[in-house]
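K.L.:
here is a sequence together with a model predicted from it:
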Amino acid sequence: RMLGKDRIIFATKEDHETPSSAELVADDPDDPYEEQGLILPNGDINWNCPCLGGMASGPCGEQFKSAFSCFHYSTEEIKGSDCVDQFRAMQECMQKYPDLYPQEDENEEKEKSSKDLEATAMEASAAKEEKRSS
């Protein structure tokens with residue numbers, strides 16, 4: 001029986017904040033960002049991810065980014081419950097461009113992901129309100 005075969009390594013918060021040196025992918029200029037997922041190895045959001053369906057560019061790109069970033073980095077008990085204003089701004093912007101951001105009926109699939117995010121944020125804000133009133 002071997003003793004001491006397990007090594008326990010404690011990582012500090014700083015260790016987690018500095019990108020691991022094993023992950024040099026993002027620094028490789030020949031590596032198109034599209035190959036990365038939505039979250040880059042260093043934890044940043046990859047705004048070029050095709051999975052965002054171009055939401056990050058376009059007339060409401062800034063609003064989308066701020067809502068999505070807020071949601072992604074949210075540490076609230078109900079994730080994103082602190083982002084309701086950003087989501088509302090994004091929604092209001094998108095309503096000004098119905099051709100670019102079709103509502104409900106057409107294009108169900110694309111719409112679904114932002115609707116889910118929004119539903120989460122809305123539920124979160126409702127839950128927050130309930131907490132306050134009790």
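P.N.:
Looks like it came in fine. Residues are numbered from 1 along each chain as shown.
K.L.:
roughly how far does residue 68 sit from residue 80?
P.N.:
Separation of residue 68 from residue 80 (C-beta to C-beta, to the nearest Å) stands at 10 Å. The way it works is simple: take the backbone N, C-alpha and C, and place the C-beta from them, glycine included.
K.L.:
cool, residue 36 as well?
P.N.:
With C-beta to C-beta as the criterion, residue 36 and residue 80 are 23 Å apart.
K.L.:
with residue 65 instead?
P.N.:
Note on residue 65: its distance to residue 80, by C-beta to C-beta, is 14 Å.
K.L.:
rewinding a little: quickly list what's touching both of residue 68 and residue 80.
P.N.:
Common contact partners of residue 68 and residue 80 (C-beta atoms under 8 Å, 6 or more residues apart in numbering): residue 117.
K.L.:
which is the next helix or strand following the helix or strand of the chain with the lowest mean pLDDT?
P.N.:
Across the helices and strands of the chain, the lowest-confidence element by mean pLDDT, DSSP states H and E is helix 13-17, at a mean of 54. Per DSSP states H and E, helix 13-17 leads on to helix 61-73 as the next helix or strand towards the C-terminus.
K.L.:
right, I'll leave it there.
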